[in-house]
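>>> Dropping a prediction and its sequence here:
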Amino acid sequence: MKGKYLFQKIMAWIERLNNYPGCDRKELSVRVQLWVGSAYALLHVVLLTIAFLIFAPEALKVLIRYGYFLLITMTTYLILTPRLRKNYKLVNAIHLTILSVGTLITILYLGGIATSGGLIVACLAFVLCSVPFQDSKITLLLFLIFTFIAIVSGLFSSYFSAPASLTPKINSILFMVNTLSMSGVSLFLILSFIAQQRKLESLESEKLKELNEAKNRLFTNITHEFRTPLTIIQGMNNLIKTNPEEWIGKGTVKIESQTRNLLALVNQMLDLSKLEAGAMPVHSFQSDIINYLKYLSDSFISMAQRKDIQLNFLPDNRHFVMDFDQEKIMYIVSNLLSNALKYTPCNGTVELYAGQMKKQNEFIIKVSDNGPGIPPEHLPFVFDRFFRVEEDQGTQEGGSGLGLALVKELVKLLGGSVRVISSMESGTTFIVSLPVTNNAPEKEIIPNEAVSPADFRSASFPADDQQSYSENENSNGDLPILLVVEDSHDLKLYLKALLEKQYQLEFASNGKTGLQKAFDHIPDIIVSDVMMPVLDGISMLDILKNDIRTSHIPVVMLTAKADVDSRLIGLDKGADDYLAKPFNENELLIRLRKLIELRRVLHERYAAGEQVIPDKDLPENLEDSFIQKIRSVMEENLGDDNFDVHQLSRTLGMSRSQLYRKFKSLTNKSVIDYFWTLRLYKAKNLLQTTALNVSEVAWAVGFKNLSHFSRAFKDQFGMNPSAVGK
Ligand code: ATP
Ligand code: MG
């Protein structure tokens, strides 16, 4: 145990010694292998040289000199290589060459290959030592040197004579020791090389797995981005078909804006993949970039006005001529401006600054806003594809999270860089710096009408009609309350048209407001999206199903995340149903109706006359314990004519109206009615099982007036209390 610990400690030290910042795992492992192999060989040399010095200092003079030579070169190598970085391969090759040449000279001194005491094997070991480099040129070079040594020391051995002291016996012992030792070094290197390959293979397959997962995530995100607009288009189309007079105007506008949204999304994705494949050319012209930026900034004025945001263009100079690609600059600036306008609340300020940094010969474009800022923990990810900050920033804007990924790739393509500074107090600033050159042909820039910045995913901006949209839609008090939690405004509009006849509708735009509304209204059923800003549908579902106030409410997840895993997560958290977008209208209506009908089963289960018997095979049911708790409080207070519902709601941690709505939906009765019925059942039970007479029983269950009791008893059971048989 101790030995193993010591070995690990030594290996860790060797790794530290050979490591340097930026050294990858593969290189480190090669460096460590070579270092350990050399250290082992050095130990072998030291031991042999000491042995020669002790036993035959005169006879083995040549070998002792060779030992000193190895000692010096190998120690230098062991001290020097950990300090080397990229050129360690070259130094290693030189080291092995020097060793080979030194060995050749020694072999010749010893009289050639036959009397070399096995040094020729050491030369072969030098060739094998180069295997971990995985550089065939180095191995080939060392092999050529080895061949040269073998030929020279073999063919020309007759020209050299072996020292007289090197008897055949000593020669064969040396041969044996060297062969064993050097093949040991070679074996170590080859085995660790194989182990290294295996490790790399498994690392590779892990990497592939990660890549695959990233791809899957990407696809899930893409489908989500497509499914919501498609659902709206399909839904609007249905509405137009069924009620053309009302929907032909509104519906076609929605279809148009969603189609534009989809098209912009497809274009963004294509651009991103083109950029990544290096297939996007740069078409630069020399022109006045300030002038062009002014045009871009002006195109956003109407969007800014819609939110009462002040949009200022602040150029350093009046004109600045440089090479730039009009379309790329438009995408970059439009993305940054549209983000700033989108995420800055009404009455804010957005500034577009432009100017040259003379020292670095850079042109800077800065877009800053005084919006909510990006939380520091999210800052490193804002340029990732599909990344969206999902925290409560007071904004609930839509978007796909592709904009900044595209900006980053485009800026890179133009040879520049982009960074972001953001604080929750003062807002966000994106800084793009571009290299200044003046080599391209000169051209007056005429803004490109085909790709106008105003088209730029404008669908994600609130259209004018959106402000008039009310989220509280209460109409007919008898209909069940349905809460829709969905971030897409248009989808809400469609669901409203679809459901308003059968339900009283409540709307929320994200999980957080969804929760608030669910607690305030205790709806009869909830329809919720999964991917939403601020708080996603699954987290909301989890909270709802674990809160006693809302745990009974059926929740239908209506989502674009239709893969099996997402369904399973949703169902596991207690979703009562799962529908993929785009959904079939009738299917949604039927499923909602069925879920509400299912409540009848609950009414029977929790009827006052029934005992609630928990199912042993199922985990504890919040509804069972809720009803049981209320019943036990009621049973303690059976004799109390003025049963206090206030007190009950306080003990349960609910408001009176929450208690009323939850209780009613489980039992179809108010608390007081239920209490009343429970008392009558208790009375019946007492009459059947005890010797008490009718007036004693009436008193025991809280009825002060006997005729009142008899009437109520008859209404409930269809017979007089006196007729109850024992
Ligand atoms: P898209 O641009 O594809 O329509 P998006 O705006 O959500 O969608 P990005 O432009 O890539 O995506 O932005 C990524 C995220 O960074 C945004 O979701 C937002 O949370 C955050 N963000 C970007 N710009 C700002 C800003 N000016 N202020 C606050 N948050 C911002
Ligand atoms: Mg954006």
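Arrived safely. Ligands and ions are numbered 1, 2, ... in the order given.
>>> Quick check: can you list the domain ranges of this protein?
The chain breaks down by automatic domain parsing into domains covering 2-208, 281-464, 469-600, 622-723.
>>> all strands for this structure, in order.
Using DSSP state E, the strands found in the chain span residues 285-288, 310-315, 321-324, 349-357, 362-369, 417-423, 427-435, 472-473, 481-485, 504-508, 525-528, 555-559, 577-580.
>>> Please name the nearest non-neighbouring residue to Phe126.
Distance criterion CB to CB, 6 or more residues apart in numbering; nearest residue to Phe126, sequence neighbours excluded, is Leu96 at 4.8 Å. Where C-beta positions appear, they are placed from N, C-alpha and C, glycine not excepted.
>>> ok, Lys629 touching Gly653?
No: contact between Lys629 and Gly653 fails when scored by CB atoms under 8 Å: they sit 11.0 Å apart.
>>> More neighbours: those two, which one.
More crowded of Lys629 and Gly653, by other CB atoms under 10 Å: Lys629, with 14 against 11.
>>> and that one, what pLDDT?
Note on Lys629: pLDDT of 84.
>>> contacting residues for it?
Leu652 (CB atoms under 8 Å, 6 or more residues apart in numbering).
>>> Distance check, it against Leu579.
Distance of Lys629 to Leu579, given as CB to CB, to the nearest Å: 34 Å.
>>> One more: Arg65?
Distance of Arg65 to Leu579, computed by CB to CB: 87 Å.
>>> mind checking the longest helix of this protein?
Counting residues, the longest helix found in the chain (DSSP state H) is helix 168-242.
>>> any residue of that helix up close to ligand 1?
No: Helix 168-242 stays clear of ligand 1 (CB under 6 Å from any ligand atom), getting no nearer than 8.6 Å.
>>> For that helix, name the packing helices and strands.
The contact analysis (3 or more CB pairs under 8 Å, 6 or more residues apart in numbering; DSSP states H and E) places helix 168-242 against helix 25-55, helix 119-129, helix 244-276, helix 489-499.
>>> Asn330 reaches Leu296, doesn't it?
Not quite, residue 330 is Met, not Asn. Yes: counting by CB under 8 Å, Met330 does reach Leu296; the two are 6.2 Å apart.
>>> out of everything not next to it in sequence, what's closest to the residue in the stretch 51-200 of the chain positioned nearest to ligand 2?
Residue nearest to ligand 2 within the stretch 51-200 of the chain: Leu200 (39.5 Å; CB to the ion). Excluding the flanking residues, the one nearest Leu200 by CB to CB, 6+ apart is Lys26, at 6.6 Å.
>>> again with Ile364
Ser433 (5.3 Å).
>>> how about the one you found, what does it touch?
Applying CB under 8 Å, 6+ apart to Ser433 gives the contacts Met357, Gln360, Glu362, Phe363, Ile364, Ile365, Gly416, Ser417, Val418.
>>> what residues are up against the residue of the stretch 151-300 of the chain found nearest ligand 2?
Proximity of the stretch 151-300 of the chain to ligand 2 (CB to the ion) peaks at Gln268, 9.7 Å away. Counting by CB under 8 Å, 6+ apart, Gln268 makes contact with Ser400, Leu402, Gly403, Leu406, Arg457.
>>> Closest one of those residues to ligand 1?
Gly403 (2.4 Å; CB to the nearest ligand atom).
>>> Please tell me how far that closest one sits from Leu265.
Gly403 is 11 Å from Leu265, where distance means CB to CB.
>>> who's more crowded, those two?
Counted by other CB under 10 Å, Gly403 and Leu265 do not tie: Gly403 has more neighbours, with 24 against 18.
>>> Not counting sequence-adjacent ones, nearest residue to that one?
The shortest distance from Gly403 to any non-neighbouring residue, by CB to CB, 6+ apart, is to Asn335 (4.3 Å).
>>> Tell me who's in contact with the one you found.
The contact partners of Asn335, by CB under 8 Å, 6+ apart, come to Gly403, Leu404, Leu406, Val407, Phe456.
>>> Let me see the contact set for whichever residue of the stretch 401-550 of the chain sits closest to ligand 2.
Nearest residue of the stretch 401-550 of the chain to ligand 2: Gly403, at 2.9 Å (CB to the ion). The contact partners of Gly403, taken as CB under 8 Å, 6+ apart, are Gln268, Asn335, Ser338, Asn339, Arg457.
>>> for stretch 651-659, what is the average pLDDT?
Stretch 651-659 carries an average pLDDT of 84.
>>> which residues touch the residue of the stretch 101-250 of the chain found nearest ligand 1?
Per CB to the nearest ligand atom, Glu225 is where the stretch 101-250 of the chain lies closest to ligand 1, at 8.6 Å. Applying CB under 8 Å, 6+ apart, one finds that Glu225 lies in contact with Leu265, Ser400, Ala560.
>>> Could I get the pLDDT score of the first one?
It stands for Leu265. If you check Leu265, the pLDDT there is 82.
>>> How many residues are close by Val389?
By the criterion of other CB under 10 Å, Val389 has 20 neighbours.
>>> nearest residue to it other than its sequence neighbours?
Using CB to CB, 6+ apart, the closest residue to Val389 is His378 (4.9 Å).
>>> Could you measure from that neighbour over to Val484?
28 Å.
>>> the more surrounded of the two?
A direct count of neighbours by other CB under 10 Å for His378 and Val484 places Val484 higher, at 26 against 15.
>>> got a list of what that one touches?
Counting by CB under 8 Å, 6+ apart, Val484 has contacts Lys492, Leu495, Lys496, Leu499, Leu505, Glu506, Phe507, Ala508, Ile526, Val527, Ser528.
>>> do that again at 6 Å, thanks
When contacts are counted by CB atoms under 6 Å, 6 or more residues apart in numbering, Val484 is found next to Leu495, Phe507, Val527.
>>> for Ile149, same thing?
Leu104, Cys123.
>>> give me that answer again for 8 Å
Ser100, Thr103, Leu104, Ile107, Ile120, Cys123.
>>> Who wins on neighbours among those residues?
Ranked by neighbours (other CB under 10 Å), the contacts of Ile149 are led by Ile107, which has 28 neighbours.
>>> quick revisit: if I look at the residue of the stretch 401-550 of the chain closest to ligand 2, how far off is Asp271?
Taking CB to CB, one finds Gly403 at 11 Å from Asp271.
>>> Check Phe193 too.
Going from Phe193 to Asp271 by CB to CB gives 45 Å.
>>> tell me, how many neighbours does Phe386 end up with?
With other CB under 10 Å as criterion, Phe386 counts 16.
>>> Pretty sure Gly570 sits against Asp536.
No: taking CB under 8 Å as the definition, Gly570 is not a contact partner of Asp536, at 10.7 Å.
>>> more crowded one of these two?
Gly570 (23 against 19).
>>> give the contact list for the more buried one.
Applying CB under 8 Å, 6+ apart to Gly570 gives the contacts Val530, Gly537, Ile538, Leu541, Met557, Thr559, Tyr578.
>>> Dump these into TSV; add neighbour count, pLDDT and distance to ligand 1 as well.
Shown next, in TSV, are the contacts of Gly570 (neighbours: other CB atoms under 10 Å; pLDDT from 0 to 100; distance: CB to the nearest ligand atom, whole Å):
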residue	neighbour count	pLDDT	distance to ligand 1
Val530	26	84	17
Gly537	27	87	18
Ile538	21	87	19
Leu541	27	91	23
Met557	26	89	22
Thr559	26	77	19
Tyr578	19	86	26
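>>> Since that was my last question, I'll sign off now.
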